[in-house]
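A.B. asks: Sharing a model prediction with you, sequence too.
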Amino acid sequence: MMKKRILTGDRPTGRLHLGHYVGSLQNRVKLQDEYDQFVMLADVQALTDNFEKPEEVRKNIKEVLLDYLAVGIDPKKTTILIQSQIPEIAELTVFYLNLVTLERVLRNPTVKDEIKQKGFGQNIPAGFAMYPVSQAADITVFNASLVPVGEDQLPMIEQTREIVRKFNLLYCNVFVEPEALLGRVKRLPGIDGNAKMGKSLGNCIYLSDSEKELKKKVMSMYTDPNRIHPTDPGRVEGNPVFIYHDTFNPDKAEVEDLKKRYQEGKVGDIEVKEKLFAALNNFLAPIREKRSEFEGKDEVLDKILKKGTEKARKVAMETMKKVRKAMKIDYFG
Ligand code: TRP
């Protein structure tokens, strides 16, 4: 039986962090045997808001690839590709743009948030506003049925499903409606207590952070702001330090004990944070080590990207034959 396909990806705008891990990377590692998995370095999408910094995007292709390899995404099982090198995606995007209204793209809640956060005001680059349409092309050009993503990407999958329905109805049944797969933790807070860990928010723990960087970040983490002395009863719910403990500390008994003592005012922040640092460091040590095995090996990395992209392109070309036929623009066969 043919394996079902996964397509997911990341914008190469910086190294990946713990939020990426629990949101999507962990599922990718888990599912790469069971599914025919494609993972995309979405450089075209990264350029929609970094078009004046192309060298940044280019540099981060390698950084994100290293993060993939470090967490255990295996290029023998997973096809890793560069979005810009598949021109069929751009072609499909143009056709999809006919199937969405301007009003609809600007209603996408994630796009709305980003527009606000980036301070575009009245000057929203058209390419940026349209990126969910291009993302629909990313997913469907490979006919993926499953998309492992973080919660913030749900509106993109919803929009993709709408476009697929419209295309299939108008022209011919070419595409499957993809489904999102969320990670075990929907949204990891930042170390500053912000609801979301995000590159642009500067509140991340990166998968490649050194032991020293990790220690500094953990010890400075936001906790219960109302707790001044170690003897004050503290709040565990919604406290990022305990959310991280629950997510990354495999010693559940230790976590329960810390929670209990925290609520009773019988443990200091330092002990809670030191134990979190130890747990996170245990988690990150093998990832760091695996990353260092590949660091600087540009030839190996280039080969992975080239092979993956070539394989992906073949799939995309096949899909576009069907699309052109369905849209009656297959003039020369
Ligand atoms: N929008 C995603 C992000 O911000 C990256 C992405 C691009 C993506 N194309 C995709 C995710 C296709 C899933 C499927 O990280």
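C.D. replies: Good, I have the coordinates.
A.B. asks: Buried residues in the longest helix anywhere in the chain, which are they?
C.D. replies: Assignment by DSSP state H gives helix 298-326 as the longest helix of the chain. For helix 298-326, the neighbour count (16 or more other C-beta atoms under 10 Å) marks 301, 304-305, 308-309, 312-313, 315-316, 319-320, 322-324, 326 as buried. Bear in mind the C-beta positions are built from the backbone N, C-alpha and C, glycine included.
A.B. asks: So which of the residues you listed is the closest to Thr78?
C.D. replies: Gly308 (8.0 Å; C-beta to C-beta).
A.B. asks: What about Pro155, how many residues nearby?
C.D. replies: Around Pro155 there are 18 other residues, counting by other C-beta atoms under 10 Å.
A.B. asks: mean confidence score for the host helix or strand of Glu103?
C.D. replies: Glu103 belongs to helix 102-107 when assigned by DSSP states H and E. Average pLDDT, helix 102-107: 94.
A.B. asks: That helix near the ligand at all?
C.D. replies: No - applying C-beta under 6 Å from any ligand atom, one finds helix 102-107 separated from the ligand by no less than 13.9 Å.
A.B. asks: Distance from that helix to the middle of the chain?
C.D. replies: Distance of helix 102-107 from the chain centroid (C-alpha atoms, centre = their mean, to the nearest Å) equals 23 Å.
A.B. asks: closest point of the stretch 151-300 of the chain to the ligand, which residue?
C.D. replies: Of all residues in the stretch 151-300 of the chain, Gln153 sits closest to the ligand, at 5.7 Å by C-beta to the nearest ligand atom.
A.B. asks: For that residue, give me its contacts.
C.D. replies: With contacts defined as C-beta atoms under 8 Å, 6 or more residues apart in numbering, Gln153 is in contact with Thr110, Val147, Ala180.
A.B. asks: Arg11 versus that one, what's the distance?
C.D. replies: 11 Å (C-beta to C-beta, to the nearest Å).
A.B. asks: so what pLDDT did the residue of the stretch 151-300 of the chain closest to the ligand get?
C.D. replies: So, for Gln153, pLDDT stands at 95.
A.B. asks: Can you tell me the SS state at it?
C.D. replies: helix (DSSP: H, G, I helix; E, B strand; the rest coil).
A.B. asks: How about the backbone phi and psi for the closest residue to the ligand within the chain?
C.D. replies: Taking C-beta to the nearest ligand atom, the ligand has its nearest neighbour within the chain at Ala42, 3.5 Å off. Per-residue torsions, Ala42: phi -90, psi 70 (degrees, to the nearest 10).
A.B. asks: what does Ala180 give?
C.D. replies: Torsion angles, degrees, to the nearest 10, at Ala180: phi -80, psi 150.
A.B. asks: Can you tell me the element the nearest residue to Val267 once chain neighbours are set aside falls in?
C.D. replies: Distances taken as C-beta to C-beta, 6 or more residues apart in numbering place Arg261 nearest to Val267, at 3.8 Å, with adjacent residues excluded. Here Arg261, judged by DSSP H and E, is contained in helix 252-264.
A.B. asks: what's the average pLDDT for that helix?
C.D. replies: The model assigns helix 252-264 a mean pLDDT of 97.
A.B. asks: Flag every residue of the stretch 151-300 of the chain that's near the ligand.
C.D. replies: Gln153.
A.B. asks: would you list every one of the helices in the stretch 51-200 of the chain?
C.D. replies: 54-71, 87-97, 102-107, 109-118, 126-129, 131-140, 154-170 (DSSP state H, counting those that start in this stretch).
A.B. asks: Turn those into CSV, including distance to Ile243.
C.D. replies: Compiled in CSV, those are given as follows (distance: least, C-beta to C-beta, whole Å):
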stretch, distance to Ile243
helix 54-71, 20
helix 87-97, 36
helix 102-107, 31
helix 109-118, 21
helix 126-129, 31
helix 131-140, 28
helix 154-170, 20
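A.B. asks: right, so these: which one is the most enclosed?
C.D. replies: helix 131-140 (a mean of 26; mean count of other C-beta atoms under 10 Å).
A.B. asks: Can I get it in CSV? Just the C-alpha atoms.
C.D. replies: C-alpha atoms of helix 131-140 as CSV (Å, rounded to 0.1, in the frame of the first residue of the first chain):
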residue,chain,number,x,y,z
TYR,A,131,1.4,33.9,1.7
PRO,A,132,-1.3,31.6,3.0
VAL,A,133,-2.4,31.0,-0.7
SER,A,134,1.2,30.1,-1.5
GLN,A,135,1.2,27.8,1.5
ALA,A,136,-1.9,26.1,0.1
ALA,A,137,0.2,25.5,-3.0
ASP,A,138,3.1,24.1,-0.9
ILE,A,139,0.8,21.5,0.7
THR,A,140,-1.2,20.5,-2.3
